[in-house]
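S.K.: Here is my input, please return the structure:
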Amino acid sequence: MKRRMINSLLGVVLVVVVVFCVPLALVEKQSIVNNAQSRVDAAAVRLLGLVENRLAAHEPVTQERLGTQAIEGDYAEIRIPPQGSPDQPQLVTIGEVPKGAALRASESDQSGVTVTVEQSRADVTREIGDMLLLLGLVTLLAVQTAVALAVWQARRLARPLTDLAETAERLGSGDPRPRDRRYGVPELDRVAEVLDASAERIGRMLTAERRLAADASHQLRTPLTALSMRLEEITALAHQPETVREEATIALEQVERLTDVVQRLLTNQRDTHGPSAGGFELDEVIRQQREEWAVPMRGAGRRLVIEGLAGVVALGTPGTVSQVLATLIENSLMHGAGTVILRVRPSGSSAVVEVQDEGPGVPAELGNRVFERTVSGRNSTGIGLAVARDLAEADGGRLELLSLKPPVFALFLGRGLGAEGP
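M.R.: Numbering: from 1, shown residues only. Model prediction:
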């Protein structure tokens, strides 16, 4: 591209030189010739006047007499007709006849006196050569300036294109960081803006995909763990048919909830309008959680206690609420101690489900930052509570930390018709 730009600008300059300099050279050449001819004509007029003055004063007109006068030209010839006698006309010459081409001018008066002046064209040719040399130097300087300007302009335009190509290559290699570079050229700045906007969109898409993968891996862990425990119970109690059926039913519920979690994670990444909330029995979700976590609690030597309201109709999605509560119970099981209390209480037009334990609580330096991604306590990924809050908000509720010690997490849900008082 640089070579094309240089060749294009150089071609334009050469065309300008041909169009303007050639006619200018011809005009200047003719002007020099005309000026030289005018000087020869003026010399002939002056010499004729000098001769007439001498004749009028009855002075002789000879080469010696006229040679002392300043006569322009290389050669002058004076013809004086005879004065009242049949003698031959007088011929007076001054200087030497120029060799080669010469400029010639003749003047005569009424008495028949004729003056002819000749000047060699060597001086004219020399002057024309000087003019052409000067014009050639100006042309060469113009061409050099044009080449330097073309190189500078080519580099100025090629550098942004190189940067834009590198930006596009970085986008293709998976590096979506915008460069925020502008070049002072509207067209190139527009391309840079589009690439930066594309980089931001690609970055958001990649972040969403990574977040989806992290959320899915974290959220699938809890139901899979519970499902594994239930299946182990089924294996241990295979000689009791009723117990096997009961445990198999619970395992199927776990599988259904697992499927619902996966579907909801995918929906939350693609649906920007959020789900439509409906009413459901909160008691059923709490019963499910109690049965699901009974075995892990017993294995850890701890208890899960249910307190508060019963028969509450909450607004939301059972699968989402179940997943949020499972995350809170798992968090208490991993980081807390003692009895885990699952409490349902009213709060204005909302139903609040609190999860509390008797552990050391949330460090004061963390506070509500426990809901931020990558912020974690000991032996955790820092994703679970952040995902739980996202799920709650996507379902129309909200998740908050009410107390650091004892640790109390609260899920706020809208209340539907049919909720009983305390």
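S.K.: CA only for contacts and neighbour counts going forward, please
M.R.: Noted.
S.K.: would you list every one of the helices in the stretch 301-422 of the chain?
M.R.: 318-335, 384-394 (DSSP state H, counting those that start in this stretch).
S.K.: now the chain
M.R.: 2-16, 22-56, 63-67, 122-172, 186-236, 241-270, 282-299, 318-335, 384-394 (DSSP state H).
S.K.: Quick one: these as CSV, columns for mean neighbour count, distance to Gly112 and mean pLDDT too.
M.R.: What follows is those, written out as CSV (neighbours: other CA atoms under 10 Å; distance: least, CA to CA, whole Å; pLDDT from 0 to 100):
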stretch, mean neighbour count, distance to Gly112, mean pLDDT
helix 2-16, 15, 54, 76
helix 22-56, 17, 11, 87
helix 63-67, 13, 19, 69
helix 122-172, 15, 31, 82
helix 186-236, 16, 80, 72
helix 241-270, 16, 115, 65
helix 282-299, 17, 140, 89
helix 318-335, 21, 130, 89
helix 384-394, 21, 122, 85
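S.K.: Kindly reformat those helices as JSON lines containing distance to Pro407.
M.R.: Shown next, in JSON lines, are those (distance: least, CA to CA, whole Å):
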{"stretch": "helix 2-16", "distance to Pro407": "68"}
{"stretch": "helix 22-56", "distance to Pro407": "95"}
{"stretch": "helix 63-67", "distance to Pro407": "130"}
{"stretch": "helix 122-172", "distance to Pro407": "45"}
{"stretch": "helix 186-236", "distance to Pro407": "21"}
{"stretch": "helix 241-270", "distance to Pro407": "26"}
{"stretch": "helix 282-299", "distance to Pro407": "18"}
{"stretch": "helix 318-335", "distance to Pro407": "9"}
{"stretch": "helix 384-394", "distance to Pro407": "13"}
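S.K.: out of these, nearest to Ala76?
M.R.: Closest approach to Ala76 among the helices of the chain (CA to CA): helix 22-56, 8.1 Å.
S.K.: and Val117, what does it touch?
M.R.: Residues in contact with Val117 (CA atoms under 8 Å, 6 or more residues apart in numbering) are Val40, Asp41, Ala43, Ala44, Gly73, Asp74, Tyr75, Ala76, Glu77, Arg104, Ala105, Ser106.
S.K.: Apply 6 Å and report the result again.
M.R.: Ala44, Tyr75, Ala76, Arg104, Ala105 (CA atoms under 6 Å, 6 or more residues apart in numbering).
S.K.: what separates the third one from Ala44, distance-wise?
M.R.: Right, the one you point to is Ala76. 8 Å (CA to CA, to the nearest Å).
S.K.: Kindly report the same for the second one.
M.R.: Noted for Tyr75: a distance of 11 Å to Ala44, by CA to CA.
S.K.: So which of the contacts of Val117 are in strands?
M.R.: Tyr75, Ala76, Arg104, Ala105 (DSSP state E).
S.K.: just to revisit the earlier point, mind putting the helices of the stretch 301-422 of the chain into CSV with distance to Ser120?
M.R.: Below are the helices of the stretch 301-422 of the chain laid out as CSV (distance: least, CA to CA, whole Å):
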stretch, distance to Ser120
helix 318-335, 111
helix 384-394, 103
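S.K.: Figure out which of those is closest to Thr139.
M.R.: helix 384-394 (73.5 Å).
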